[in-house]
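> Starting from these lines, generate the structure:
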Amino acid sequence: MHISLKNQVALVTGASSGIGAASAKALADAGAAVVLNYRSGREAAEQLAGAIRDNGGQAIAVRADVSSEAEVEAMFAETVAAFGRLDILLANSGMQRDAPTVDMSLDDWNRVLQVNLTGQFLCVRAALRQFARQEIRQDVSRAAGKIIQMSSVHQLIPWAGHANYAASKGGLDLLMRSVAQEVGEQRIRVNAIAPGAIRTAINQDATEGEAGKSLLELIPYGRIGEAQDIANAVVWLASDAADYVHGTTLFIDGGMSLYPEFRDNG
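Residues are numbered from 1 along each chain as shown. Now for the predicted structure:
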């Protein structure tokens, strides 16, 4: 199956590293013009945007904190100013501030919810408003717009010591499904991806060596995921190949969400 996103514009939040960077590159490789959002990783985002342009694609890097309403609105305005429209939103930005609940500060609770949940709401709302302002080009895409929200297996699996993160992803599940219920008849597709253990630069300590071997006990498929595994699904969900996929979460986790500890009846 050949997937083309030619003549479409994609905005990827948290695109300076990891899953966001791999997904932005994959969207560009499929033909989309890509806006790479970053908050602090300017150099990496600019380098990736330059590499996409050097490869014949279209890309710009735009700084914004997704938890700020004003910065999100400015980011979407810059996207439209650069490329004229928006077809695909990958709301990927996220963060962790981990602690046992008894020790968790209100600041750490609030900051994770602001980025992981409120930030998704702000970006989704801005995307919906932009989709409503522009014409549907069915020769380019059967949908009026595509929204992909990055969740986690921890929208389903409890995670002791990470209550703020798990709560944000659980909230994201119902945010996504509620929005999908609301806008489906406008031919706007809304879905989520729930990655499991994915090997990236920022979690190297947890996915390599002895820690990586222990982690494999939670993954029935027997390997740790790569960012490209998620990027491949992003491109598919953004394409007409997934045109009848709406309001669902795609778990990409090697079976982690199957609770493999219960293979021998617990």
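> which stretches of the protein form helices?
18-29, 42-54, 69-83, 106-113, 119-133, 163-183, 204-207, 209-215, 227-238 (DSSP state H).
> Least confident of these, on average?
Looking at those, the lowest mean pLDDT belongs to helix 204-207 (a mean of 83).
> ok so, going back, which of the helices of the chain is buried the deepest?
Most buried of the helices of the chain by mean neighbour count (mean count of other C-beta atoms under 10 Å) is helix 18-29; its value is a mean of 26. For every residue, glycine as well, the C-beta is placed using N, CA and C.
> Could you check how far that one is from the centre of its chain?
Counting by C-alpha atoms, centre = their mean, to the nearest Å, helix 18-29 is centred 10 Å from the centre of its parent chain.
> send the alpha carbons of that helix over as PDB?
Output of helix 18-29 as PDB, limited to C-alpha atoms (Å, rounded to 0.1, in the frame of the first residue of the first chain):
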ATOM      1  CA  GLY A  18      11.600  10.900  20.100                       C
ATOM      2  CA  ILE A  19       8.200  10.000  18.800                       C
ATOM      3  CA  GLY A  20       7.300  13.500  17.700                       C
ATOM      4  CA  ALA A  21      10.500  13.800  15.600                       C
ATOM      5  CA  ALA A  22      10.100  10.400  14.000                       C
ATOM      6  CA  SER A  23       6.400  11.100  13.200                       C
ATOM      7  CA  ALA A  24       7.200  14.500  11.700                       C
ATOM      8  CA  LYS A  25       9.800  13.000   9.400                       C
ATOM      9  CA  ALA A  26       7.400  10.200   8.400                       C
ATOM     10  CA  LEU A  27       4.700  12.700   7.600                       C
ATOM     11  CA  ALA A  28       7.100  14.700   5.500                       C
ATOM     12  CA  ASP A  29       8.400  11.500   3.800                       C
END
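> What is the neighbour count of the nearest residue in space to residue 201 that is not next to it in sequence?
Closest residue to residue 201 in three dimensions, ignoring its sequence neighbours and counting by C-beta to C-beta, 6 or more residues apart in numbering: residue 17, at 6.2 Å. Using other C-beta atoms under 10 Å, residue 17 is surrounded by 17 other residues.
> Next, give phi and psi for residue 17.
Main-chain dihedrals, residue 17, degrees, to the nearest 10: phi -160, psi 170.
> Could I get the contacting residues of it?
Residue 17 makes contact with 41, 44, 200-202 under the criterion C-beta atoms under 8 Å, 6 or more residues apart in numbering.
> rewinding a little: do you know which of the helices of the chain lies nearest residue 8?
Among those, helix 227-238 comes nearest to residue 8, with 7.7 Å by C-beta to C-beta.
> could you give the angle of that closest one to helix 18-29?
Here the directions of helix 227-238 and helix 18-29 differ by 50 degrees (axes from the mean of the first three to the mean of the last three C-alpha atoms, to 10 degrees).
> So what touches helix 227-238?
Against helix 227-238 from outside (C-beta under 8 Å, 6+ apart): 3, 5, 8, 10, 18-19, 21-23, 25-27, 30, 32, 88, 90, 146, 148, 189, 191, 193, 195, 198-200, 242, 245, 250, 252.
> next one: stretch 257-266
For stretch 257-266, using C-beta under 8 Å, 6+ apart, the contacting residues are 153, 156-157, 194, 196, 217-220, 251.
> Now restrict those to buried residues only.
153, 156-157, 194, 196, 218-219, 251 (16 or more other C-beta atoms under 10 Å).
> Closest to residue 179 out of the residues you listed?
residue 194 (16.3 Å).
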